[in-house]
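> Task: produce atomic coordinates for the following.
(2 chains)
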Amino acid sequence: MMSASFGRRARLTHKADYQHVFAQSNRSGDRYFTVLARRNELGYPRLGLAVSRKVAKSAVIRNRVKRIVRESFRHAQEQLNSFDVVVIGRPQTGTCSNEALFASLRQHWARLATWAKS
RNA sequence: GGAGUUGGCUGGACAGCCGCCGCCCCGCGCGGAGGAAAGUCCGGGCUCCGCAGGACAAGGUGCCAGGUAAUGCCUGGGGGGCGCGAGCCCACGGAAAGUGCCACAGAAAACAUACCGCCCAAGUCCCCAGUGGACCGGUAAGGGUGAAAAGGUGCGGUAAGAGCGCACCGCGUUGCCGGUAACGGUAACGGCACGGUAAACCCCACCUGGAGCAAGACCAAAUAGGGGAGUAACAACGUGUGGUCCGCACGACUCCCGGGUAGGUCGCUACAGGCGUAUGGUGACAUACGUCGCAGAUGAAUGGCUGUCCCAGACAGAACCCGGCUUAUAGGCCAACUCCUUUC
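Just a heads-up that it's a prediction; the model follows:
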């Protein structure tokens, strides 16, 4: 598997996949994101996004947040093997800089990596 | 040079690394957000429903002509208002079809009225017999109130006044002339009758069937019993995606077919298309020829990081597609025109 690619199979594409994660998952939260993760049987991680209009009224800001999450996930996926992850945006997310969001996400990925070992 | 008006264009650039979506000739190939993609306020295309019929209701539009697939849009013209001007603004049909309303103030607010006033000419009475007083009256010029006081100004006229008479203006009617028309001009007559309000009801003219790409078509796990075609009937009743009624279709019988939710595929981007030239037209626009190929995602792509430069990057993200309108928008550029100033 390519270390930094992010194709369709690395995403959650069905409502059922999201329901599966919401039903039973480990949670990691801070003021920017809530991250849900559940172990899967595929041997690689998958990402889903939930950024509603509550996060930001502007579609431009919501798109920016989603791109940053994807970009961060793309670089971090080596350390997150075999998890389905759903990242949920929070109202504060839209108001802060890209650097702050990347920093927040790095901490979440690190926490998931420790769950993977246990 | 300054101030301004109108119309149009643009919406950081370059390099490297790492990615995402689509297409094909599968290569380190090509393409990949906007002028508003927005608000969803109008108008169409497209799709399904009773194939779009009649009546009522409801809603919309509202000077005239043209453009257009169509419009509530655009262009040209008319009328009114604003500006020295270039230009800008107007919900701009009807108030002698009817109804309603017109607060406060004011005497009176629509069959006008008479508070302060003005006048005693005619009639009656009184006395000190006058340029007198009172009654009965006349009047609406002046004052005052109001957004608005029943045409305005001037002259005549009168007891005082009054379209009572005249001139001009306004208004109305009729005729003539110009204009496709809105409308404009003009003449005669009327003697003012017609206060405002129709984004109050209303009247008149014109327009609108309903739902929407989660439309709709196809392939199809699960689950539940249904769907199509033909024939007969169309009285009642029931059912049906139109606001109501009429009309219309279905119900019974016969024959045939497995069904269609999750999911998938299509619809899905090539057209009222962009650009250029020519011709016609004041113009919106039309016609002809040439040329270009310009996102198509579906948990939803069009990005991240680093470096350099500058004027330090506004508003903002396609979701079936077009035409408009409205609203948001840092900065920069271009053209035409107007006014002021300076120089020659």
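
> make it CA atoms for all contacts and neighbour counts henceforth
Fine.

> Averaged pLDDT, stretch A:97-113. What do you get?
Average pLDDT, stretch A:97-113: 85.

> And the helices in chain A?
Across chain A, reading from the start of the chain, the helices by DSSP state H fall at A:15-23, A:59-76, A:98-117.

> Those into a markdown table, with extra columns for distance to RNA strand B?
What follows is the helices of chain A, written out as a markdown table (distance: least, C-alpha to the nearest atom of the strand, whole Å):
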| stretch | distance to RNA strand B |
| --- | --- |
| helix A:15-23 | 6 |
| helix A:59-76 | 4 |
| helix A:98-117 | 5 |
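
> Can you lay out those helices as a markdown table showing mean neighbour count?
Written out in a markdown table, the entries for the helices of chain A read as follows (neighbours: other C-alpha atoms under 10 Å):
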| stretch | mean neighbour count |
| --- | --- |
| helix A:15-23 | 13 |
| helix A:59-76 | 16 |
| helix A:98-117 | 15 |
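
> Of all the ones you listed, which one is nearest residue A:40?
Across the helices of chain A, the minimum distance to residue A:40, taken as C-alpha to C-alpha, is reached by helix A:15-23, at 9.7 Å.

> residue nearest the centroid of chain A?
Note on chain A: the residue nearest the mean C-alpha position is residue A:87, at 3.7 Å, using C-alpha atoms, centre = their mean.

> I'd say it and residue A:49 touch.
Yes: the pair residue A:87 and residue A:49 qualifies as a contact (C-alpha atoms under 8 Å) at a distance of 5.2 Å.

> Overlap of the contact sets of these two?
Common neighbours of residue A:87 and residue A:49, counting by C-alpha atoms under 8 Å, 6 or more residues apart in numbering, are absent.
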